[in-house]
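K.L.:
predicted coordinates and the sequence they were generated for:
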Amino acid sequence: MSAFPHRHLLGIETLTAADLTTILDLGERFLEIATRPIKKVPTLRGKTVINLFLEPSTRTRTSFEIAAKRLSADAINISGAASSTVKGETLLDTARNLDAMSPDVVVIRHSQAGAAQMLAGRVSAGVVNAGDGAHEHPTQALLDCSTIRAHKGKLSGLEVAICGDITHSRVARSNIFALSKLGARVRVAGPRTLLPRGLEAMGATVHDRLEPALEGVDVVMMLRIQKERMGTGLFPNTREYSRYFGLNDRRLALANPDAIVMHPGPINRGVELEPSVADGPRAVILDQVARGVAIRMAVLYLLAGGEAGES
Amino acid sequence: MDFCLRGGRVIDPVRKLDLTADVLVKDGVVARIGAGIAAGVDGSVRVLDVSGCWVMPGLIDLHTHLREPGQEYKEDIATGTRAAAAGGFTAVCAMPNTTPPNDTRAVTELMVRRAAEVGVVRVYPIGAISKGLQGESLAEMGELREAGCVAVSDDGHPVMNSELLRRALEYARTFRLPLVQHCEDLTLSAGGAMNEGVASTRAGIRAQPAAAESSMVARDIELCALTGARYHVAHVSSAESVRLVREAKRRGLPVSCEVTPHHLMLTDDACAHYDTATKCNPPLRTAGDIEALREGLRDGTIDAIATDHAPHSVLEKDVEFEQAAFGMTGLETAVPLMLELVREGTLTPATFVARLSSSPAALFALPGGTLSDGTPADITVIDPEAAWTCERSAFVSRSHNSPFIGRAMRGRPALTLVAGRIAFSEERFRG
């Protein structure tokens, strides 16, 4: 039996700590491929991966594409503008058509929560959720965990602060689930307008100011302020947001001296992160990106039929 | 054909009846209730053995969407009234958010005429409060009343403008029309596809707080006090709304409310798997809200159980959760679901009948709601023990958007008589 007993990766919530560790360990092994002169292995030769990105994305889509190609899978990219959804085709019809082409894995990014789950119920391929609305973004959480583990040597017992727009963040949800399952303690912080109800029930400690959330933490994970949501009254303007909820050197000093700073990107420089922090020695943001490829290779490998022990 | 229903448990809260007896139906009216009637009837009367069943005044649904005119691919008056009869309802009040909306005499007359032509249960149209359900100017309530409307509502479209609602209450009162409000402050609920809480946070679905409902209930109660008009809260769903209605009744205000079976049975956790059949408005709330709703049913704060039968086709439902239409079908699952509440003690058999028949009749001043001698024989017979599984293929409604498909049920309608004619019957009563 496979060490990863799931056909799809739809979210972190339904996975066990063992599932997460399987992916993290495998990702660790795939990391090395990026350092080779020829960054390609034949592992998924003959397999087809469709990247169905119905919402704008550059880094995640590219990351999945590189991951598939490094494993020698045939990667097909479909973006929102190029898909038939703009002609009024429903997700269900898209799913049926994709299924008829027999892909092995479909990676989907969609603006609606639950879209990946809906697709998974309709296609025979493995489905990877690359972000569904404000629900989950499991590979981001996995690459974040991989980055933390690499820098801290462990996840269990760490204090992690996730700061910013929690309400609209699929990254925050997936990370709360993943970090909690792996033994870290999660604090979330942001203005009350960006903190949804029920975070405590998910296992996080909730703060409405950054300072208490940052005290003594090992990891600071800043989230992007979604400028497109400005004007809906969730906070007055980016100037005030930056003043009270941005991460600067003074606030970062509240964290442990060896705390690392993370961000899923893209960064609004000067808003949620001061440039001195974003480009400072404690930022591991580019390491996150590098590990993203390896984690996605691991996920594609497991869902396309590989087993954890045979890579 | 005359009937004698033999040996059922006859329950009529208006007449304070709960006894095993025969019910004689002659010339379309209830002729007599008593012991041993069946033994004395002649061959012109068909005797139906309903022993083990409950016999009650026909159920009346205050809140049904028949979708005709305009959206007949979801439901029409023929299929909707057949679904009602299969669900044990002898009368339905049809909401006005049709296409075009029922905001003029012409639309009401069309519905009344179609109901006479193809309907198998009684159809009472509800007219619009405002023209086009736009919440801007009053609909012609006098003419709507004359044409057959029994209440007014902009259901699905709350009246946001307080001044317009005040005038609507005053004007509706002029014509003795209860005003039915879909309570939802749109500025608070905007974009929300489910209840705001732990479940929505986990699912990442945009949500609406329960306060979107209760804050409008609070405002409306003050306007009810100001105008003295009959005011009815549609599909109440939150604990706070129940508390507000209870308090309003204590103040002696002419306020009433209804609750749907689904809000009594399902929490917002049902939405966790993005099953669009669970998406409704008001949304499914929390276990605490359900407890308050059931307490409201017990203590009489909630006057009626109404289905908010909202048929939708796969075009509206087989899509992403946030894009899906609100609403679920309800006519055919109401009886078994509410029998669950009887079995667990929330409702007695008499309050079951009161909330589904007598009270709805009284609230909208409709005929029926009792089995008094000489009243039209609108009668529902329920087999309270029949075990069955709710299956998609068994729905009479044209649509199948029910979250209860697959649920094991106990109890179902066995026979529905409208004016003494069989509108629905189990196999055993056919022929």
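P.N.:
That came in fine, so what should we check first? Residues are numbered from 1 along each chain as shown, chains lettered A, B, ... in the order given.
K.L.:
what's near enough to touch the residue lying closest to residue A:196 once chain neighbours are set aside?
P.N.:
With sequence-adjacent residues excluded and distances taken as Cβ to Cβ, 6 or more residues apart in numbering or on different chains, residue A:196 is closest to residue B:201, at 4.2 Å. (C-beta placed from N, C-alpha, C; glycine too.) By Cβ atoms under 8 Å, 6 or more residues apart in numbering or on different chains, the residues touching residue B:201 are A:173, A:196, A:197, A:198, A:199, A:202, B:207.
K.L.:
mind checking what secondary structure the fourth one has?
P.N.:
Residue A:198 falls in the coil class when you classify it by DSSP: H, G, I helix; E, B strand; the rest coil.
K.L.:
helices or strands next to the helix or strand that contains residue B:46 in the packing?
P.N.:
Assigned by DSSP states H and E, residue B:46 belongs to strand B:45-49. Here strand B:45-49 touches strand B:2-12, going by 3 or more Cβ pairs under 8 Å, 6 or more residues apart in numbering or on different chains; DSSP states H and E.
K.L.:
pairing partners for the strand it packs on, with directions?
P.N.:
Strand B:2-12 pairs in its sheet with strand B:17-26 (antiparallel), strand B:45-49 (parallel), strand B:54-57 (parallel), by DSSP bridges.
K.L.:
returning to that earlier point: need the contacts of residue B:201 in TSV with distance to residue B:381, can you?
P.N.:
Shown next, in TSV, are the contacts of residue B:201 (distance: Cβ to Cβ, whole Å):
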residue	distance to residue B:381
A:173	50
A:196	48
A:197	46
A:198	45
A:199	51
A:202	49
B:207	42
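K.L.:
would you list the residues you listed in JSON lines and tack on pLDDT?
P.N.:
Listed next are the contacts of residue B:201 as JSON lines, based on pLDDT from 0 to 100:
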{"residue": "A:173", "pLDDT": "97"}
{"residue": "A:196", "pLDDT": "94"}
{"residue": "A:197", "pLDDT": "91"}
{"residue": "A:198", "pLDDT": "91"}
{"residue": "A:199", "pLDDT": "95"}
{"residue": "A:202", "pLDDT": "93"}
{"residue": "B:207", "pLDDT": "97"}
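K.L.:
need the distance between the two termini of stretch B:396-403.
P.N.:
From its first residue to its last, stretch B:396-403 covers 16 Å (Cα to Cα, to the nearest Å).
K.L.:
is that stretch anywhere near chain A?
P.N.:
No: Stretch B:396-403 does not reach chain A (Cβ under 8 Å from any Cβ of the partner chain); its nearest approach is 15.0 Å.
K.L.:
ok, residues contacting that stretch?
P.N.:
Contacts of stretch B:396-403 (Cβ under 8 Å, 6+ apart): B:73-76, B:79-80, B:82-83, B:86, B:262, B:266, B:270, B:275-278, B:309-313, B:316-317, B:327-333, B:390, B:392, B:395.
K.L.:
at 7 Å what do you get?
P.N.:
With Cβ atoms under 7 Å, 6 or more residues apart in numbering or on different chains as the test, stretch B:396-403 has contacts from B:74-75, B:79-80, B:82-83, B:86, B:266, B:270, B:275, B:277-278, B:311-313, B:317, B:328-329, B:331-333, B:392.
K.L.:
next one: that stretch to chain centre, how far?
P.N.:
16 Å (Cα atoms, centre = their mean, to the nearest Å).
K.L.:
buried stuff in that stretch?
P.N.:
By neighbour count with 16 or more other Cβ atoms under 10 Å in any protein chain shown, stretch B:396-403 contains the buried residues B:396, B:397, B:398, B:399, B:400, B:401, B:402, B:403.
K.L.:
return the member of the residues you listed nearest to residue A:282.
P.N.:
Relative to residue A:282, the closest of the buried residues of stretch B:396-403 is residue B:403; by Cβ to Cβ it sits at 49.0 Å.
K.L.:
tell me which element that closest one falls in.
P.N.:
Assigned by DSSP H and E, residue B:403 belongs to neither a helix nor a strand.
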